[in-house]
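Trainee: Can you look at this prediction? I've put the sequence above it.
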Amino acid sequence: MNTDTYPAFSVLLVDDEPAWLGSLALTLESCAGISNILTCSDSRQVMAILDEGQVGLVLLDLTMPHLSGEELLGQIAEQHPEITVIVVSGLNQVETAVRCMKLGSFDYCIKTDEEDRIVGAVLRAVRMVEMRREYQELASRLVSRELRHPKAFSGIVTADRFMLDIFSYVEAVAKSPQPLLITGESGVGKELIARAAHTLSNCRGKLVTVNVAGLDDTVFSDTLFGHVRGAFTGAEQTRRGMVEEAADGTLFLDEIGDLSIPSQVKLLRLLQEGEYFPLGSDLPKRLKARVIVATHQNLLEKEHGGTFRRDLYYRLRTHHVQIPPLRERRGDIPLLLDHFLEEAARALGRKKPTPPRELAQYLAAYCFPGNVRELKAMVYDAVSVHRDRVLSMDSFVNTIERLPACPPTRPGAPRQNPFSGFAELPTFTDAAAFLVMEALERAGNNQTLAARLLGISQPALSKRLKMLKE
């Protein structure tokens, strides 16, 4: 979102009274932050302006010389049905309003209405146009499944089809002014997705990251909104908040699921009203940043449990991506292993070691509760103690064997008994045979690796295999 002008499309104001055009333009900019405004006082020029393709919304007066508003409304509906029109007329007549709505007008406002009524109608229309354009863009991206800006995702190593679909989605919504919610387990790379979205947004400002976990309501407010001098004891000078630091850029709030209810209320107001108050100030400031939030928690479960506001949850998930854990994209493990080996060797000033052939298979059998971050730590540890040309597996094996067994997929859920669905239980001999065959399958028939997966010695596995052949 380029905050120099908002929205991304132009809003055309049409009226034969220049004074009214200037007043309306000033009202929309000061009250709603709408600055991408064109004005036209000659109704005969309107269609030529629309043909240029920059206008998404028209505010149209009815009573004008040369070409009336109603005539223009019909022409716009016929030649540019994608453009939304709001009639802003001096005529307070029900019949006229009904006639305009039948011709396709989105809304009908009276010039003598309160400012809030006109501004509210314009904001609703802007949001509708934005949603329609976002949907069309998203549909186009997901159908083509081609990335237009793959460099934005260069920091994420993957060949997984689901991850590539996520990239397409992020490309489609990156320029949307609405919040983006990124969920997924710790270590899956949520901040990398946020950085990619920021890059693709073409914001001229910077990406400002705030981890809100553990912040009480006062610290949260001061961190985000800042304070004026004298706002509280010790506030000897004015301090800019992170919202202001992120102006014309992106504000990334990590661990949003840990926010207290009072802080959630303040965040909701920031998103809904687009404004905030620094501590100790009675003068509001406008939000000029795109907001991206992330959490490893299940916000829907927290909402059901009463610890996360429903209105904030639905406001945040306008755009939502769920990053899969590493265990659900095991095909990326060889790519990530090679990437981190090169990165670790460069960081430690060493030559990149050659990994043993069975290492990727061994790692693919591990559940990685810490996801990509855990794999990176393992690789760095192994490279730091590496001595020979071929990387030793001992560091990986020792690390994984010291760790407790992987938890169930859903925290707190009991481990599923693999035999619970069997109508007839296998014998111990048959069960052991099935287990050995599955281990060999996962290990690519590498007996050393299969033995490690089963937690037995290689001679013990060889004995089992010999028994199976008899």
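Mentor: That came through fine. Numbering: from 1, shown residues only.
Trainee: do you know how far Tyr6 is from Ala32?
Mentor: 9 Å (C-beta to C-beta, to the nearest Å). In this view, the C-beta of every residue, glycine as well, is placed from N, C-alpha and C.
Trainee: I meant Cys40, not that one.
Mentor: For Cys40 relative to Ala32 (C-beta to C-beta), the value is 20 Å.
Trainee: tell me how far the ends of stretch 247-267 are from each other?
Mentor: Its start and end residues considered, stretch 247-267 measures 16 Å (C-alpha to C-alpha, to the nearest Å).
Trainee: Ok, stretch 165-183 next?
Mentor: End to end - C-alpha to C-alpha - stretch 165-183 spans 15 Å.
Trainee: Pull out the buried residues from that stretch.
Mentor: By neighbour count on 16 or more other C-beta atoms under 10 Å, the buried set for stretch 165-183 is 166-183.
Trainee: ditto for stretch 136-154
Mentor: Result for stretch 136-154 [16+ other C-beta under 10 Å]: buried residues 137-138, 141, 152-153.
Trainee: So which residues make contact with it?
Mentor: The contact list for stretch 136-154, computed with C-beta atoms under 8 Å, 6 or more residues apart in numbering, reads 164-165, 167-169, 171-173, 196, 199-200.
Trainee: how about 10 Å then?
Mentor: In this structure, residues lying in contact with stretch 136-154 by C-beta atoms under 10 Å, 6 or more residues apart in numbering are 82, 161, 163-176, 192-193, 195-201, 319.
Trainee: Low-confidence ranges, the stretch 251-400 of the chain, go.
Mentor: For the stretch 251-400 of the chain, no stretch has pLDDT under 70.
Trainee: which residues in it form strands?
Mentor: Counting by DSSP state E, counting those that start in this stretch, residue ranges of the strands within the stretch 251-400 of the chain are 275-276, 285-286, 290-295, 319-322.
Trainee: same question, the stretch 1-150 of the chain
Mentor: Under DSSP E, counting those that start in this stretch, the stretch 1-150 of the chain gives strands at 10-14, 37-40, 55-60, 84-89, 107-110.
Trainee: Out of those, the one nearest Glu255 is which?
Mentor: strand 55-60 (36.0 Å; C-beta to C-beta).
Trainee: And the closest one, how far out from the chain middle?
Mentor: 30 Å (C-alpha atoms, centre = their mean, to the nearest Å).
Trainee: hang on, the earlier thing: put together CSV for the buried residues of stretch 136-154, with distance to Val436 and pLDDT on each row.
Mentor: Supplementary listing: these in CSV, determined by distance: C-beta to C-beta, whole Å; pLDDT from 0 to 100:
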residue, distance to Val436, pLDDT
Glu137, 52, 74
Leu138, 48, 72
Arg141, 46, 67
Ala152, 46, 94
Phe153, 41, 95
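Trainee: Pick the one among those closest to Leu57.
Mentor: Once C-beta to C-beta is applied, the member of the buried residues of stretch 136-154 that ends up nearest Leu57 is Glu137, at 17.5 Å.
Trainee: Can you give me the separation between that closest one and Tyr169?
Mentor: 10 Å.
Trainee: same question, Glu114
Mentor: 39 Å.
Trainee: Dead centre of this protein: give me the residue that sits there.
Mentor: Centroid-nearest residue in the chain, with C-alpha atoms, centre = their mean: Leu180, separated by 3.6 Å.
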